[in-house]
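In: Here you go, sequence then predicted model.
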Amino acid sequence: DQQVKQNSPSLSVQEGRISILNCDYTNSMFDYFLWYKKYPAEGPTFLISISSIKDKNEDGRFTVFLNKSAKHLSLHIVPSQPGDSAVYFCAASNTGNQFYFGTGTSLTVIP
Amino acid sequence: GAGVSQTPSNKVTEKGKYVELRCDPISGHTALYWYRQSLGQGPEFLIYFQGTGAADDSGLPNDRFFAVRPEGSVSTLKIQRTERGDSAVYLCASSFSGRGTGELFFGEGSRLTVL
């Protein structure tokens, strides 16, 4: 059973505009959330994280929003750049050992 | 190098054969994870080591899969009697503490193809 879901397999955005990637989770015990970025033939690389005690975390062009009541988080990239084109995975943890990953959203930023 | 290193990067084997995949984590990272990623899916947890011991092996799909980390650094994932369904990219990751609140650093993965 998929505990972390990314319902949009792909997203295309014009360069300079905002990219919004969404993620939903089912386990209310999750209290730490991360976003990873993956280029072809490479392992995922950490992008940004958020603890459940916060509802927003910002790092440069990247902002993650957490809505605990809706069990939803989103990643905003603004302005989007062609180099942002990659597959983005959200992941969640309950401070245990396992990080549960979504199926990924492939972002294409069009120059 | 400074990152997580995995070997081999590609492995093609025949059904029924035995396979070993190696992971060399970042120096000083006590936690080590193995994940499996099938086509079109996200990474799926297999096993987690804290030091030398397997703290959580609940993700291993069956007893054909086994992993060791004898000295608390390098880990080997072992797959016996491989099946075509084992074909996937096997990702290794390490983290400083493994307390579920730190980022995982992933290797580039070992792509296993079982013919």
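Out: Thanks, I have the structure now.

In: Check what contacts the lowest-mean-pLDDT helix or strand in chain A and list those residues.
Out: Ranked by mean pLDDT, DSSP states H and E, the weakest helix or strand in chain A is strand A:99-101, scoring a mean of 90. Residues from elsewhere that reach strand A:99-101, judged by CB atoms under 8 Å, 6 or more residues apart in numbering or on different chains: A:3-4, A:25, A:27, A:30, A:34, A:36, A:89-93, B:33, B:35, B:42-45, B:100, B:104. Bear in mind the C-beta positions are built from the backbone N, C-alpha and C, glycine included.

In: ok, of those residues, which come out buried?
Out: A:3-4, A:25, A:30, A:34, A:36, A:89-93, B:33, B:35, B:42-45, B:100, B:104 (16 or more other CB atoms under 10 Å in any protein chain shown).

In: Show me the strands in chain A, by range?
Out: Chain-ordered strands for chain A, with DSSP state E as the definition, fall at A:4-5, A:10-14, A:19-25, A:32-38, A:45-51, A:56-59, A:62-67, A:72-77, A:86-93, A:99-101, A:105-110.

In: which residues of the chain score low on pLDDT?
Out: Since you didn't name a chain, this refers to chain A. With pLDDT under 70 as the threshold, chain A has low-confidence stretches at A:95-97.

In: actually it's chain B I care about, not the one you picked
Out: Low-confidence regions of chain B, defined here as pLDDT under 70, cover residues B:1, B:98-102.

In: now do 50
Out: Scanning chain B for pLDDT under 50 picks out nothing.

In: Spatially central residue in it, please.
Out: With distances taken as CA atoms, centre = their mean, the residue of chain B nearest its centroid is B:Trp34 (3.1 Å).

In: three-state assignment of it?
Out: Under the three-state scheme (DSSP: H, G, I helix; E, B strand; the rest coil), the conformation of B:Trp34 reads as strand.

In: And the closest residue to it other than its chain neighbours, its phi and psi?
Out: Nearest non-adjacent residue to B:Trp34, counting by CB to CB, 6 or more residues apart in numbering or on different chains: B:Leu46, 4.2 Å away. According to degrees, to the nearest 10, the main-chain angles of B:Leu46 amount to phi -110, psi -60.

In: can you give me the strands for chain B?
Out: Using DSSP E, strands in chain B cover B:5-7, B:10-13, B:19-24, B:31-37, B:44-50, B:53-56, B:65-68, B:75-79, B:88-95, B:105-106, B:110-114.

In: Which neighbours in the sheet does the fifth one have, and how are they oriented?
Out: Spelled out, it's strand B:44-50. Strand B:44-50 sits in its sheet next to strand B:31-37 (antiparallel), strand B:53-56 (antiparallel), going by DSSP bridges.

In: residues touching residue 38, list them.
Out: Answering for chain A, as no chain was given. A:Lys38 sits in contact with A:Pro44, A:Thr45, A:Ala86, A:Val87, A:Tyr88, A:Phe89, A:Gly104, where contact means CB under 8 Å, 6+ apart.

In: that's the wrong chain, I wanted chain B
Out: By CB under 8 Å, 6+ apart, the contact set of B:Ser38 is B:Glu44, B:Ser87, B:Ala88, B:Val89.

In: Many thanks, we can stop here.
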